[in-house]
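K.L.:
Need coordinates for the following:
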Amino acid sequence: MPSVFTKLRRNSKLLGITEPEPNRPLQYTAARQPEKVPIVEHGAKLGPGTYSPPRCRFLELPPELRTQIYDLIASTTRLSPPAVPAKAPRPRAPAFLLACKQTRREFMPILFAMASVSIPITCLDFSPLIRITGGLYRAQLLALRENPNLVIVLKIGMKCSTPQLRRWLTKRAQYMDRLPWNYEIERVKPGNALSRVKMLDAYLGTIAGLKATLHESLQMELLPIEVALIKQRVRDTTQLTGQPLLDFFAGMR
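P.N.:
Below you'll find the predicted structure:
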């Protein structure tokens with residue numbers, strides 16, 4: 001109990017209320033005026049061991065100016081997942097996604113709609129891409145649908161994963177909000193052109209056999225992949241023969 005009264009007395013002194021001492025007449029004293037709190041600039045040192053957090057000037061800019069900055073950064077950003085997620089280090093996220101909730105909310109739709117996105121696919125096994133897109137939110141998918149810089153880089157190997165390719169084509173035909181992917185073939189050293197031409201021929205033969213078993217809607221999804229393989233075969237063959245592309249096409253007729 002004495003400790004409770006000690007706290008009460010201590011609070012009363014803070015409020016400016018004085019108690020009469022024994023053997024002295026009762027006197028009234030005016031309460032003290034509250035002291036003015038000094039204005040402290042953000043980022044200034046308050047004392048030993050204390051520091052005021054810096055002030056974020058970026059969020060004080062007009063929304064239109066912030067959007068222009070977001071556009072500039074997003075247009076120069078390249079997004080690509082690691083080829084081997086279990087071993088390769090995870091790529092760094094853009095700083096605006098990690099700064100605060102407001103910058104993340106404002107920047108993410110612009111980033112997904114403008115950044116250059118490159119996805120490596122090996123042996124036509126699209127299961128990593130299916131897993132990545134399956135983990136995105138609908139708002140992110142809608143932003144990606146407006147992005148013209150989505151590229152699937154096909155890495156040609158010794159085998160062709162026909163079941164995974166069929167699965168990819170089926171999902172592409174079923175989804176209403178299909179992403180506008182562009183297909184490219186991975187670049188290799190000039191000395192490997194001959195071996196890759198043989199692998200491209202094997203891929204084209206596998207695709208021709210698969211196309212005969214597919215529905216018309218799946219054939220339309222397979223067509224861009226087939227065109228990318230044919231274009232790369234023409235480039236590699238032209239590199240080997242030294243003929244211009246037009247002369248090579250004329251010889252194929």
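
K.L.:
what's the longest helix in this structure?
P.N.:
Ranked by number of residues, the top helix in the chain under DSSP state H is helix 216-241.

K.L.:
Go through it and flag the buried ones.
P.N.:
Buried residues in helix 216-241, defined by neighbour count with 16 or more other Cβ atoms under 10 Å: 218-219, 221-222, 225-226, 228-229, 232-238. The way it works is simple: take the backbone N, C-alpha and C, and place the C-beta from them, glycine included.

K.L.:
Can you pick out the most distant pair from those?
P.N.:
Between any two of the buried residues of helix 216-241, the greatest separation by Cβ to Cβ is 30.8 Å, found for Leu218 and Thr238.

K.L.:
one step back: which helices and strands sit right next to the longest helix of the chain?
P.N.:
Taking 3 or more Cβ pairs under 8 Å, 6 or more residues apart in numbering; DSSP states H and E as the contact definition, the neighbouring helices and strands of helix 216-241 are strand 150-155, helix 162-174, strand 182-185, helix 193-211, helix 245-252.

K.L.:
Pipe those into JSON lines and attach mean neighbour count, mean pLDDT and distance to Gly134 per row.
P.N.:
Compiled in JSON lines, these are given as follows (neighbours: other Cβ atoms under 10 Å; pLDDT from 0 to 100; distance: least, Cβ to Cβ, whole Å):
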{"stretch": "strand 150-155", "mean neighbour count": "17", "mean pLDDT": "94", "distance to Gly134": "16"}
{"stretch": "helix 162-174", "mean neighbour count": "17", "mean pLDDT": "91", "distance to Gly134": "9"}
{"stretch": "strand 182-185", "mean neighbour count": "15", "mean pLDDT": "94", "distance to Gly134": "20"}
{"stretch": "helix 193-211", "mean neighbour count": "15", "mean pLDDT": "88", "distance to Gly134": "23"}
{"stretch": "helix 245-252", "mean neighbour count": "11", "mean pLDDT": "48", "distance to Gly134": "39"}
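
K.L.:
Switch the ones you listed over to JSON lines; also include distance to Asp125.
P.N.:
Output for these, formatted as JSON lines (distance: least, Cβ to Cβ, whole Å):
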{"stretch": "strand 150-155", "distance to Asp125": "10"}
{"stretch": "helix 162-174", "distance to Asp125": "4"}
{"stretch": "strand 182-185", "distance to Asp125": "14"}
{"stretch": "helix 193-211", "distance to Asp125": "13"}
{"stretch": "helix 245-252", "distance to Asp125": "30"}
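
K.L.:
For Ile119, find the nearest of those.
P.N.:
Proximity of the helices and strands packed on helix 216-241 to Ile119 was assessed by Cβ to Cβ; the nearest stretch is strand 150-155, lying at 5.2 Å.
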